[in-house]
Every structure is written in structure tokens, then in C-alpha cells.
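A.B. asks: Pasting the sequence and the predicted coordinates here, then a few questions.
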Amino acid sequence: MPSKTSVDIDGKKVILSNLEKIFYEEKTVTKSQVIDYYIRIAPVLLPHLHNRPLTLKRYPNGAAAKYFYQKACPAHRPEWLHTTPVWSNRNNKYIDFCIVNDLASLVWAANLATLELHTSLSLESNATVPTMLVLDLDPGYPAGILECAQVSLLLHEYFNSKGLKTFAKTSGSKGLQVYVPLNTTVSYDQTKQFAKNLAQSLEKQYPNLILSKMRKSLRQGKVFIDWSQNDSHKTTVCVYSLRAGKNPLVSAPVTWDELKNALNTTNAQALTFDSLQVLDRVKAHGDLFAPVLALQQQLPAP
């Protein structure tokens, strides 16, 4: 197979290269198969990328090798690729982020060895307004995804009591993430403070299970509720994104019943999904995360 080839996607030319390079050693998954996954998952993935500044997490030599985050959209991008300027206080300038709204753009990004897609919680039209609140559950060994499931169900119960719907997904790594769709006018200061207050409140109620402080030395055997992700300068791994690791695992939506069942049966494996499993799940259930895009809810009073 030639080292480079070009494909036409909806009238846009995309150059593909090094398609036989191994990206996941344990399953011998090639770059070609990574691109194929993103093509097949595109119908449900693209709506979650649509009009959101995107940070590319690139693995030029495969998932087990060195990686780098790329916020500024590469200068060698195609002329048809959309970008959006976002102000960076750290750099004291605007940074042009990639916007991946169509299949050609997604394939182009995957060809750059972008295994992971990390999106802003805002749309490009208003970088200061988050469309959702996220609580990232990060377990400290020996706690794992089942302890995260336990915490996620506590969060679910809390938001239910406030009349709000919530949605969960696996991180594709060792944790879980709980999303609260808002899609109403709210600021990052409000969502971040709300998330922090909630994490601290739950830590007081369940001190042996939950942690709200960021210090890693405190996390052993507990689940850190990372409230700090609710920030205009941070990104979170997008639903349906691949994750780097031994196998091509995916950040996948899960139902609350699935979380309850996994916890009741102590079956952590029930909350781990690779790319093929996720494609099957979408075929069977559609996009379980679709409501996050449009459901309008107000942040509860403190």
C-alpha cells in the first residue's frame, strides 16, 4: 500500500498517510482501523463536535508512545477546514482552534494521529457560556470504576431531587463522567462554583468515598469529583472519542440502569467498551447522549 493516498469526501480532498502503522499494539489496531472507526461513528459523534473548539490529542507513534495536546489548529490544515479564534489569557492572544463539523474534517483530524478528541463545554458562538456542567469522577487506587458508579448514582439522585436530568458516560479510561445539560444562559463562574460546592457537600456526607480536593496524595481508595473541568480554558474528552491505552477503548454513554446493575453485580467489565462494542451499542440504541445537546435546564440555586 502506498505511504500516502488521497480520498474525496463530499468534494473535499483528504490526504491519508501511514495507514498500516500500528496504533494499539495489543489488538494490532492500525491507523486505517482508527480512521474507519471514526468514519463509522461519525453520524453520532459529529453532533457532539459541532461548532465546539477542539483540542487534538495526538499520538504520532501509537497509543503507547509519547503524545501531545494541540490547541492551535495546525498551520498546514486544508483551506476548507473551519477554525475559530478563542482568547487565551495564558498566552495573551487569540488561538485558532479547529472546528470539526463534517466527515472530511473528522477524517483529516484522525489522519493526524488524533486518537482523542477533547472539546470545549462552550460553542464557538459564545466561548464564555457553557452549554453543560460536567463532573469528572477520577478514582484513586484501589478504588475503580465501580466506586465511580456509586458516586455517579449519588449525583444522579441529587439532581433528580432538583428536577434535573443527568447523563453518564465512561471516560474510556478508569473513571466516569456525569453531565448536566443546561443550554441556557449561565457563566463558567456559576457552573464551576456550583460543581465545587456540590463536591464539597458530598465529601462531607461520604468522607470515606468522595474527595473534592485535587491533591493526588489524598485520593487513595476514594473518588475525586473533579469540579475544575467547568472552565472556559479546559476541555473534556468528547463522547465517542477513542482513548489511548492497550486497547481501543471509547468514552461511551451508559444508562443509569447499567450503572446500577454493574454496581449490584460488582462487574466492572460491564462498564468498559471498545470501539466495536460501541458501534454495536449505537446500532442497537442510537445516541444515548443526544439529549445533552438540546435539553434546556436551569442550574439549581446554591
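C.D. replies: Nice, thanks for sending it over. Note that this is a predicted model, so its numbers are computed, not measured. Numbering: from 1, shown residues only.
A.B. asks: Please name the residues that touch the residue nearest the centre of the chain.
C.D. replies: Nearest to the geometric centre of the chain sits Val237, at 2.2 Å (Cα atoms, centre = their mean). Neighbouring residues of Val237 by Cβ atoms under 8 Å, 6 or more residues apart in numbering: 116-118, 171-172, 243, 251. Quick note: C-beta positions are derived from backbone N, CA and C, even for glycine.
A.B. asks: One more pass at 6 Å, please.
C.D. replies: 116, 118, 251 (Cβ atoms under 6 Å, 6 or more residues apart in numbering).
A.B. asks: Same question for Gly175.
C.D. replies: 137-139, 148.
A.B. asks: pLDDT score for it?
C.D. replies: Note for Gly175: predicted pLDDT of 96.
A.B. asks: tell me the phi and psi of it?
C.D. replies: phi -120, psi -170 (degrees, to the nearest 10).
A.B. asks: Tyr94 versus that one, what's the distance?
C.D. replies: 32 Å (Cβ to Cβ, to the nearest Å).
A.B. asks: ranking the contacts of Val237 by neighbours, who comes first?
C.D. replies: When neighbours are taken as other Cβ atoms under 10 Å, the top entry among the contacts of Val237 is Ser251 (24 neighbours).
A.B. asks: shouldn't that residue be in contact with Ser241?
C.D. replies: Yes. Here Ser251 lies in contact with Ser241, judged by Cβ atoms under 6 Å, at a distance of 5.2 Å.
A.B. asks: Now list whatever residues contact both of these two.
C.D. replies: Contacts common to Ser251 and Ser241, judged by Cβ under 6 Å, 6+ apart, are absent.
A.B. asks: about what we covered before: could I get the contacts of Val237 in JSON lines, plus columns for secondary structure, distance to Asn230 and pLDDT?
C.D. replies: As requested, those are exported to JSON lines (DSSP: H, G, I helix; E, B strand; the rest coil; distance: Cβ to Cβ, whole Å; pLDDT from 0 to 100):
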{"residue": "Glu116", "secondary structure": "strand", "distance to Asn230": "20", "pLDDT": "98"}
{"residue": "His118", "secondary structure": "strand", "distance to Asn230": "15", "pLDDT": "98"}
{"residue": "Ser251", "secondary structure": "coil", "distance to Asn230": "18", "pLDDT": "98"}
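A.B. asks: Export those residues to JSON lines and append columns for distance to Gln269.
C.D. replies: Below are these laid out as JSON lines (distance: Cβ to Cβ, whole Å):
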{"residue": "Glu116", "distance to Gln269": "22"}
{"residue": "His118", "distance to Gln269": "26"}
{"residue": "Ser251", "distance to Gln269": "17"}
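A.B. asks: so the residue nearest to the centre of the chain bridges to which residues?
C.D. replies: Under DSSP bridges, the beta-bridge partners of Val237 are His118.
A.B. asks: how close does it get to Asn247?
C.D. replies: Computed with Cβ to Cβ, the distance linking Val237 and Asn247 is 16 Å.
A.B. asks: what does Leu146 give?
C.D. replies: 19 Å.
A.B. asks: I figured Asp226 hits Asp136, correct?
C.D. replies: Yes. If you go by Cβ under 6 Å, Asp226 and Asp136 touch, sitting 3.9 Å apart.
A.B. asks: Among the contacts of Gly175, which pair sits farthest apart?
C.D. replies: Farthest-apart pair in the contacts of Gly175 is Asp138 and Cys148; separation 8.0 Å (Cβ to Cβ).
A.B. asks: Same drill for these two, tell me which one is more crowded.
C.D. replies: Ranked by neighbour count (other Cβ under 10 Å), Asp138 and Cys148 place Cys148 first, with 29 against 21.
A.B. asks: That one: what secondary structure?
C.D. replies: Recorded secondary structure, Cys148: helix (DSSP: H, G, I helix; E, B strand; the rest coil).
A.B. asks: For it, give me its contacts.
C.D. replies: With Cβ under 6 Å, 6+ apart, Cys148 has these contacts: 137, 139, 175-176, 223.
A.B. asks: Generate CSV for those, with distance to Lys213 and secondary structure as supplementary columns.
C.D. replies: Formatted as CSV, those follow (distance: Cβ to Cβ, whole Å; DSSP: H, G, I helix; E, B strand; the rest coil):
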residue, distance to Lys213, secondary structure
Leu137, 14, strand
Pro139, 15, strand
Gly175, 17, coil
Leu176, 19, strand
Val223, 12, strand
